[in-house]
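Trainee: A structural model of the following input is requested.
(2 chains)
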Amino acid sequence: MSGAAGLVAERDGARVFLPHGAVRALVRMPKIEPLPRAPRGVLGLALALGEVMLVVSVGSAQTDLVVCDWFGEALGLAGLVPVRAGTFDEAPGGILFEDRLTPTFDLDEVGQLLLRTGSAA
Amino acid sequence: MTDGRDSKLPPADPKRKQSGLLGFLRRGPLKQESQTFLEENALWRAHELAERASTEVTRDIQRLRTGLGKDRTALESIVDRGRALARRSEDFTRSSQRLIDGYERLALLSLNTGLEANRIGDKAGRALGLVAEDIRSHASTGGELARGLGDSLGELTRELESLVETIEHSRSVGNELAQAAERAETAGAEGQRALAEIRERLKKATGSDPETMRAIAEVTEHARALVSGLGTLTGKVPERLVIAAVRPVLEPLLRLLATDEEGA
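Mentor: Numbering: from 1, shown residues only, chains lettered A, B, ... in the order given. Below you'll find the predicted structure:
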């Protein structure tokens, strides 16, 4: 069994795995400026790590922001509670964390939302 | 002490001598004056009892007021100290919140370090990852403890505030009691003034005073005891013997009583 590096986070009580290639950094939740006419799920724009980024809500937690890399651009994911960063045992569809299968977070879900944002804009 | 040879007393009535001492004492009902005396005596006694009770009540109320005053001072001090404690407890709660925030930032930093360690890879990255994980673990424990501390301090603050509220309520009840005691003290003083006025009016109306009435009552008690003693002796001891024994002592009194009756 090979290792997969990344971040384990909680999303409304369920654990998800974000591969390290997708995660740039974790920051405390910055001030978010709402976007007019943005679709449901898009919280707005925020300044973090010296960059302005779009913030998307993927859960209810509001303490930290997971800054991801989305096709070379910074993207903030709100609603995740970081649990552990490290290298974990790979398993089909995700990793094993504390002897349980933790599915890989589906960034496509966010992608669909962003596409809708693009069409709305 | 007066004896039978007192020259100031009127001479003994021979008829009275024949009727005998016990006969005199066994005579008919009291006259109107004696009845009036009893009424006056009862009135003075009632007045004396009322005055004594009024004085005691006034004194007790004064004690109560003093006690309430002390209690109020003590309660005010407790309220002030309770408030100060609640404020300090709130400060500690805020401090624990800053502590929680610090631990959360440290945990985030350790997670970021872990992500960085993943990027570095290799041996150095793994070592960094282990350190980051250790820090995250400590930060997590510290954060949990700080949260527990914050919760306990919050509970303590609420308890203190509730305690202060209860004491303040007691203080307010104490204030009401103090006001009631003050009113009672005023009423007691008025009662005493009224009793003093009654005393003066009684003196005027009856021409007597409590001291005299008390002395007369004492004499009456002694006389009653004498009659009772003589009654006990009746039938057991020859009357002649009793008369011989008590006559020297009682003759002046008998003459006094005889004079009084003749005058009436």
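Trainee: so B:Ala139 makes contact with B:Asp101?
Mentor: No - B:Ala139 lies out of contact with B:Asp101 (C-beta atoms under 8 Å); the separation is 11.5 Å. C-betas here are computed from N, CA, C, even on glycine.
Trainee: Which of those two has more residues huddled nearby?
Mentor: B:Ala139 (20 against 13; other C-beta atoms under 10 Å in any protein chain shown).
Trainee: For the more buried one, give its distance to chain A.
Mentor: Spatial separation of B:Ala139 from chain A under the definition C-beta to the nearest C-beta, to the nearest Å is 12 Å.
Trainee: In chain A, which residue sits nearest chain B?
Mentor: Minimum separation of chain A from chain B (C-beta to the nearest C-beta) falls at A:Ala85, amounting to 2.9 Å.
Trainee: Now the helix or strand harbouring B:Glu218: buried residues?
Mentor: Element membership of B:Glu218, judged by DSSP states H and E, is helix B:210-233. The neighbour-count check on helix B:210-233 (16 or more other C-beta atoms under 10 Å in any protein chain shown) flags B:Pro210, B:Met213, B:Ala217, B:Leu230 as buried.
Trainee: Please apply the same query to stretch A:103-116.
Mentor: Buried, per 16+ other C-beta under 10 Å, within stretch A:103-116: A:Thr104, A:Phe105, A:Leu107, A:Val110, A:Leu113, A:Leu114.
Trainee: Go ahead and report the secondary structure state at the last one.
Mentor: At A:Leu114 the chain is in helix, as set by DSSP: H, G, I helix; E, B strand; the rest coil.
Trainee: Leaving out chain neighbours, which residue sits closest to the residue nearest to the spatial centre of chain A?
Mentor: Closest to where the C-alpha atoms of chain A average out (C-alpha atoms, centre = their mean) is A:Leu77, at 3.9 Å. Nearest residue to A:Leu77 in three dimensions, chain neighbours excluded: A:Val66, at 4.3 Å (C-beta to C-beta, 6 or more residues apart in numbering or on different chains).
Trainee: so how far is whichever strand or helix holds that neighbour off the chain centroid?
Mentor: In the assignment (DSSP H and E), A:Val66 maps to strand A:64-70. Distance of strand A:64-70 from the chain centroid (C-alpha atoms, centre = their mean, to the nearest Å) equals 5 Å.
Trainee: What of stretch A:82-101?
Mentor: For stretch A:82-101, the distance to the chain centre is 16 Å (C-alpha atoms, centre = their mean).
Trainee: what does stretch B:100-115 give?
Mentor: Counting by C-alpha atoms, centre = their mean, stretch B:100-115 is centred 66 Å from the centre of its parent chain.
Trainee: And it, what's buried?
Mentor: B:Ile100, B:Tyr103, B:Glu104, B:Leu106, B:Ala107, B:Leu108, B:Ser110, B:Leu111, B:Asn112, B:Thr113, B:Gly114, B:Leu115.
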